[in-house]
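Participant: what follows is a predicted structure for the sequence shown.
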Amino acid sequence: MSMSVGSSSDGDVVPDMNTTPLIDVMLVLLTMLIMSLPIQTHAVKLDMPRPNNNPTNDQPRDVVDLEIDFDGTVLWNGNVVPNERTLQGYLIDTAGREPQPEIHLRPNRLVKYDVVARVLAMAQRLGVKRMGFVGNEQFL
């Protein structure tokens, strides 16, 4: 086991890589990381609203189940809506009631997006404010 130290007599280039610049860069990056960590741990104070323990409206809201089947058939509380004009009448009636009932929209996962978008646009145009999607577990 012998090891050559110093210059070679043949004038060959020694294929060892100089790792000193790499270590310097690593130490600079480590120093920057250590300096930036305390900045990231600062807390942000938020004033969150307090929960209302006294609900002002104890009466339950009416709920309308609006389903859209896979072929685009619209059902209002389980009854088939024959055309858009009838659906428009239902939505006008719902928008005019006070308090406005909640509409639970349950689209089938196979229905075209266009059908659902038209129903949502019609409801928005007619002034329905309380509408939400239910049955989202079928999309997971």
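Facilitator: Received the coordinates, thanks. A quick note: this is a predicted structure, and the numbers were derived from the prediction, not measured.
Participant: what about Glu67, which helix or strand?
Facilitator: Using DSSP states H and E, Glu67 maps to strand 63-68.
Participant: hang on, Val134 packs against Leu105?
Facilitator: Yes - using CB atoms under 8 Å, Val134 is in contact with Leu105, at 7.0 Å. C-beta coordinates here come from the backbone N, C-alpha and C atoms, glycine included.
Participant: which of those two has more neighbours?
Facilitator: More crowded of Val134 and Leu105, by other CB atoms under 10 Å: Leu105, with 18 against 15.
Participant: what separation do you get for the more buried one and Asn83?
Facilitator: From Leu105 across to Asn83, the span is 19 Å (CB to CB, to the nearest Å).
Participant: chain center to stretch 72-79: distance?
Facilitator: 28 Å (CA atoms, centre = their mean, to the nearest Å).
Participant: got a list of what Gln138 touches?
Facilitator: Shown in contact with Gln138 (CB atoms under 8 Å, 6 or more residues apart in numbering): 108-109.
Participant: distance of it relative to Tyr90?
Facilitator: For Gln138, the distance to Tyr90 - CB to CB - is 24 Å.
Participant: kindly report the same for Val128.
Facilitator: 10 Å.
Participant: what about Leu75, how many residues close to it?
Facilitator: Neighbours of Leu75 (other CB under 10 Å): 14.
Participant: that one: what secondary structure?
Facilitator: Classification of Leu75 by DSSP: H, G, I helix; E, B strand; the rest coil places it in strand.
Participant: and the pLDDT for it?
Facilitator: We note a pLDDT of 95 for Leu75 in this prediction.
Participant: how about it: what's its closest non-neighbour residue?
Facilitator: Glu67 (4.2 Å; CB to CB, 6 or more residues apart in numbering).
Participant: only alpha carbons, please: show the longest helix belonging to the chain as CSV.
Facilitator: If you go by DSSP state H, the chain has its longest helix at helix 20-40. Output in CSV follows, covering the C-alpha atoms of helix 20-40 (Å, rounded to 0.1, in the frame of the first residue of the first chain):
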residue,chain,number,x,y,z
THR,A,20,-13.1,23.5,-1.2
PRO,A,21,-15.4,25.7,-3.3
LEU,A,22,-18.3,23.2,-2.9
ILE,A,23,-17.8,23.3,0.9
ASP,A,24,-17.7,27.1,0.9
VAL,A,25,-21.0,27.3,-1.0
MET,A,26,-22.6,24.7,1.3
LEU,A,27,-21.6,26.7,4.3
VAL,A,28,-23.0,29.9,2.8
LEU,A,29,-26.3,28.2,2.1
LEU,A,30,-26.4,26.8,5.6
THR,A,31,-25.8,30.2,7.1
MET,A,32,-28.6,31.7,4.9
LEU,A,33,-31.0,29.0,6.0
ILE,A,34,-30.2,29.6,9.7
MET,A,35,-30.7,33.3,9.3
SER,A,36,-34.0,33.0,7.5
LEU,A,37,-35.6,30.5,9.9
PRO,A,38,-36.6,32.9,12.7
ILE,A,39,-38.4,35.1,10.1
GLN,A,40,-40.7,32.1,9.2
